[in-house]
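1. Can you look at this prediction? I've put the sequence above it.
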Amino acid sequence: MNDDGRSEAWREVARRARASGGIRIASLLRDEPARAQRLSLDAAGLHLDLTRHRLPGEALDALLALARASSLESRRDAMYAGEEVNFTEQRPALHVALRAPAGAAAGAIAGEGIAAEVAATLDRMDRFSEAVRSGEWRGATGQPISHVVHIGIGGSHLGPQLACEALIDHAHPRLRFRFLSNVDPRAFDRAVNGLDPATTLAIVASKSWHTLETARNAQALRRWFAAGGIGHGDLHRHLVGITANLEAARAFGLAPESLFPFRDWVGGRYSLWSAIGLPAMLSAGPQRFRAMLAGAHAMDRHFAEAPLAANAPVLLALVSLWNTLALPGATEVVVPYSDALRSLTAWLQQLQMESNGKRVGRDGAPVAWPTAPVVWGGPGTDVQHSFFQALHQGTGVHPVEFIVAVPSGPDPEGRGDALLASALGQREALLHGRSGNDAPAAAQGAPDAAAGQAAAWLAAHRACPGNRPSSLILLDRLDAERFGALLALYEHKTAALGWLWDIDSFDQWGVELGKQLAGEIEPLLDAARELPAQLAPDLRALLERIRATRASRG
Ligand code: F6P
């Protein structure tokens, strides 16, 4: 379909979204017989329920027409085929190749040569992990490794940490993991607190090997090892690197055998599946790591093969897009009811907001529609006691995504059941609300007019309007396969949204400017340097104040 078709499809979706104000989700659930069949589905071991949105069936038809008019399928195919879908950096985005089974469709998906390279790195990761896990890998003093400190930030941190937590049931009993991302020295102190350098393994993970935080922390860690008696000659037993910039890592002092490579066609926020996932493999073992890859691959196949109308990532993307139009200003609240998924929100924030926080389309012109809703949230049930009040009774309407992993095994205190019931109860409350007329007996059935007014007043405060949208992603259990499938679901949702908006989901130019300016400002903190004459007055005043504060501290 030509662009006119796309613009018309957009206008039709927007028109329906504008007209959706009075829609009651309960009415849609009651009156649309095909609703459950159209908006709930199973894919790669996950159950997805999108029925509780203010999205009527005809609007879903309009969204699917938009997906077709946006050439979603051919763009997806282009990504799988290794075309330069990251068009501003002229690179493919081939994370799907990292989880294609060895020897199978990898060649077709990834193009010549990639499959063998991916398999070789995985095999090296396997051997290294087995050596560390078995205790065969010894530190400089001959002791096995007990602690792993992973240094990285953004995509080089969030995925590995999330995966270690998600696969906690399979965690190696001897190995403990710490994650160091922030350049704040206190973060470093916390990461190494109580650790013995002789039994510590550090992993420096950085695609670019230039990231400020990771570079400084890696230097600090090398100093920490040296102070603990691990000199340069022994460092290879305690420090390994993961990077796409092998030259810079070698210049840092790492030998090729201490380096696990990946390629620049793996985006940072899509890199868990590459060598960046090493901490997860060390913790849960090579078999579980490969099971995670297999789960992600199952979702890759679903995304590639299922028709648009029955395609989980596509439907998730279309519902998200709908909400940006039907509920202007709405954010996306993500609430995993699983302690093991407590870091999912942080990972999703980078995935969705770094990928799609863009304001111009492929042609460089501003996009006509809002992109990348703010993603936030936290683990249930904790967040029920912090921000859920606003979700139930606040003036804004924010769709909530419930991610529920059915807890395993009986629990003497019934905590798993309490967790499940809380998720389901909150969903019901968001949908149905309550009138508020169920006020305590003292205020009800008031004998006189004043008491009657008081009851109405209290009812107004107690009333929950309901009709608040939510999604549910149900995992029969949280295992490595389903975890991999869950992350791949979100990756493909994010890419699909990018194609609908016609933006580049795989670049991140916006984060560069702040980094560059920090680099220019840092030398100016040195009181011995004269501040440049052209410095903006407010920045000059701030720097002078900081310098004076430091001077007064001595
Ligand atoms: O924040 C920008 C960013 O480039 C992310 O995209 C990336 O995940 C993160 O920094 C870390 O980058 P690197 O892995 O190169 O250190």
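-> Sure, I can see it. The structure presented is a predicted model; accordingly, all values stated were derived computationally and were not measured.
2. switch to C-alpha atoms for all contacts and neighbour counts from now on
-> Will do.
3. Tell me which residue of the stretch 51-200 of the chain lies closest to the ligand.
-> Gly155 (3.4 Å; CA to the nearest ligand atom).
4. From what I see, that residue and Val266 are in contact.
-> No. Gly155 sits out of contact with Val266 when judged by CA atoms under 8 Å, with a separation of 10.5 Å.
5. returning to that earlier point: can you classify the residue of the stretch 51-200 of the chain closest to the ligand by secondary structure?
-> Under DSSP: H, G, I helix; E, B strand; the rest coil, Gly155 falls in the helix class.
6. What score does whichever residue of the stretch 451-554 of the chain sits closest to the ligand have for pLDDT?
-> Going by CA to the nearest ligand atom, the ligand is nearest to Val511 of the stretch 451-554 of the chain, at 5.6 Å. Predicted confidence (pLDDT) for Val511: 94.
7. Kindly tell me how buried it is, as a neighbour count.
-> By the criterion of other CA atoms under 10 Å, Val511 has 10 neighbours.
8. check which helix or strand covers it.
-> Counting by DSSP states H and E, the element that carries Val511 is helix 510-521.
9. Equivalent analysis for Ala460, please.
-> Assigned by DSSP H and E, Ala460 falls in helix 449-462.
10. and what of Asp411?
-> Asp411 belongs to no helix or strand, assigned by DSSP H and E.
11. Now do the same contact list for it.
-> Under the criterion of CA atoms under 8 Å, 6 or more residues apart in numbering, Asp411 has no neighbours.
12. Look up phi and psi at it.
-> phi -130, psi 130 (degrees, to the nearest 10).
13. Quick check: the gap between it and Ala34.
-> Distance of Asp411 to Ala34, given as CA to CA, to the nearest Å: 38 Å.
14. Which residue does the stretch 301-450 of the chain have closest to the ligand?
-> Glu354 (7.2 Å).
15. which SS class is the closest residue in space to that residue that isn't next to it in sequence?
-> Leaving aside its chain neighbours, Glu354 sits nearest to Gln508 (6.3 Å; criterion: CA to CA, 6 or more residues apart in numbering). What three-state DSSP gives for Gln508 is coil.
16. Gln508 against Met353, yeah?
-> No. In this structure, Gln508 is not within contact of Met353 by CA under 8 Å, at 9.8 Å.
17. and the spatially most central residue of the chain, what helix or strand is that in?
-> Nearest residue to the geometric centre of the chain (CA atoms, centre = their mean): Leu348, 2.0 Å. In this structure, Leu348 sits in helix 344-348 according to DSSP H and E.
18. Check Gly194 too.
-> Following DSSP H and E, there is no helix or strand that holds Gly194.
19. quick one, phi/psi of the residue nearest to Glu354?
-> Here is the backbone geometry of Gln508 (degrees, to the nearest 10): phi -160, psi 60.
20. Roughly how far does it sit from Ser320?
-> Gln508 is 21 Å from Ser320, by CA to CA.
21. Compare the two (neighbour count), which wins?
-> Set Gln508 next to Ser320 and count neighbours by other CA under 10 Å: Ser320 wins out with 23 against 18.
22. part of a strand, is the more buried one?
-> No. Assigned with three-state DSSP, Ser320 falls outside any strand and is helix.
23. Just the pLDDT for Asp4.
-> 71.
24. distance of Asp538 from Glu544?
-> Using CA to CA, Asp538 is found at 10 Å from Glu544.
25. anything in contact with each of those two?
-> Counting by CA under 8 Å, 6+ apart, Asp538 and Glu544 have no contacts in common.
26. neighbour count winner among these two?
-> A direct count of neighbours by other CA under 10 Å for Asp538 and Glu544 places Glu544 higher, at 16 against 9.
27. then the helix or strand that contains that one to PDB, C-alphas only?
-> Element membership for Glu544 (DSSP H and E) is helix 537-553. Extracted C-alpha coordinates of helix 537-553, given in PDB (Å, rounded to 0.1, in the frame of the first residue of the first chain):
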ATOM      1  CA  PRO A 537      26.300  32.900  33.400                       C
ATOM      2  CA  ASP A 538      24.100  30.400  35.300                       C
ATOM      3  CA  LEU A 539      26.500  27.500  34.600                       C
ATOM      4  CA  ARG A 540      29.400  29.700  35.700                       C
ATOM      5  CA  ALA A 541      27.600  30.600  38.900                       C
ATOM      6  CA  LEU A 542      26.900  27.000  39.700                       C
ATOM      7  CA  LEU A 543      30.500  25.900  39.000                       C
ATOM      8  CA  GLU A 544      31.800  28.700  41.200                       C
ATOM      9  CA  ARG A 545      29.500  27.700  44.000                       C
ATOM     10  CA  ILE A 546      30.600  24.100  43.700                       C
ATOM     11  CA  ARG A 547      34.300  25.100  43.700                       C
ATOM     12  CA  ALA A 548      33.700  27.300  46.700                       C
ATOM     13  CA  THR A 549      31.900  24.500  48.600                       C
ATOM     14  CA  ARG A 550      34.800  22.200  47.900                       C
ATOM     15  CA  ALA A 551      37.400  24.700  48.900                       C
ATOM     16  CA  SER A 552      35.600  25.400  52.200                       C
ATOM     17  CA  ARG A 553      35.600  21.600  53.000                       C
END
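28. quick one: average confidence on it?
-> Helix 537-553 shows a mean pLDDT of 95.
29. Show me the shaky parts of the stretch 1-150 of the chain.
-> For the stretch 1-150 of the chain, the stretches with pLDDT under 70 are 1-2, 103-112.
30. and with 90 instead?
-> Counting by pLDDT under 90, the stretch 1-150 of the chain shows low-confidence ranges at 1-4, 101-117.
31. Show me the strands in it, by range?
-> 40-43, 46-49, 147-151 (DSSP state E, counting those that start in this stretch).
32. For these, give me TSV that also has mean neighbour count and distance to Leu474.
-> Putting the strands of the stretch 1-150 of the chain into TSV (neighbours: other CA atoms under 10 Å; distance: least, CA to CA, whole Å) gives the following:
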stretch	mean neighbour count	distance to Leu474
strand 40-43	18	9
strand 46-49	21	5
strand 147-151	24	31
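33. Using a markdown table, lay out the ones you listed together with distance to Ser181.
-> Listed next are the strands of the stretch 1-150 of the chain as a markdown table, based on distance: least, CA to CA, whole Å:
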| stretch | distance to Ser181 |
| --- | --- |
| strand 40-43 | 34 |
| strand 46-49 | 31 |
| strand 147-151 | 6 |
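34. residues in the stretch 451-554 of the chain within reach of the ligand, list them.
-> The stretch 451-554 of the chain comes close to the ligand at residues Val511, as judged by CA under 6 Å from any ligand atom.
35. can you rerun that using 8 Å?
-> Proximity of the stretch 451-554 of the chain to the ligand (CA under 8 Å from any ligand atom) is limited to residues 507-508, 511-512.
36. before we move on, back to that, quick check: chain neighbours aside, which residue is closest to the residue of the stretch 51-200 of the chain closest to the ligand?
-> Arg269 is the one closest to Gly155 (CA to CA, 6+ apart), at 4.1 Å.
37. hang on, the one you found packs against Ile153?
-> No. Counting by CA under 8 Å, Arg269 stays clear of Ile153, with 10.2 Å between them.
38. In contact with the closest residue to Gly135 other than its chain neighbours, which residues?
-> Distance criterion CA to CA, 6+ apart; nearest residue to Gly135, sequence neighbours excluded, is Pro144 at 5.0 Å. By CA under 8 Å, 6+ apart, the contact set of Pro144 is 132, 135-138, 199.
39. Out of these, list just those in helices.
-> Val132 (DSSP state H).
40. hmm, which two among the contacts of Pro144 are most spread apart?
-> Largest separation among the contacts of Pro144 by CA to CA: Glu136 and Thr199, giving 12.7 Å.
41. So those two - more neighbours on which side?
-> Neighbours per residue (other CA under 10 Å) separate Glu136 from Thr199, with Thr199 holding more: 19 against 14.
42. okay, now the closest residue to that one other than its chain neighbours: neighbour count?
-> Excluding the flanking residues, the one nearest Thr199 by CA to CA, 6+ apart is Ile145, at 4.5 Å. The tally of other residues near Ile145 (other CA under 10 Å) stands at 25.
43. Before I go, just wanted to say thanks for your time.
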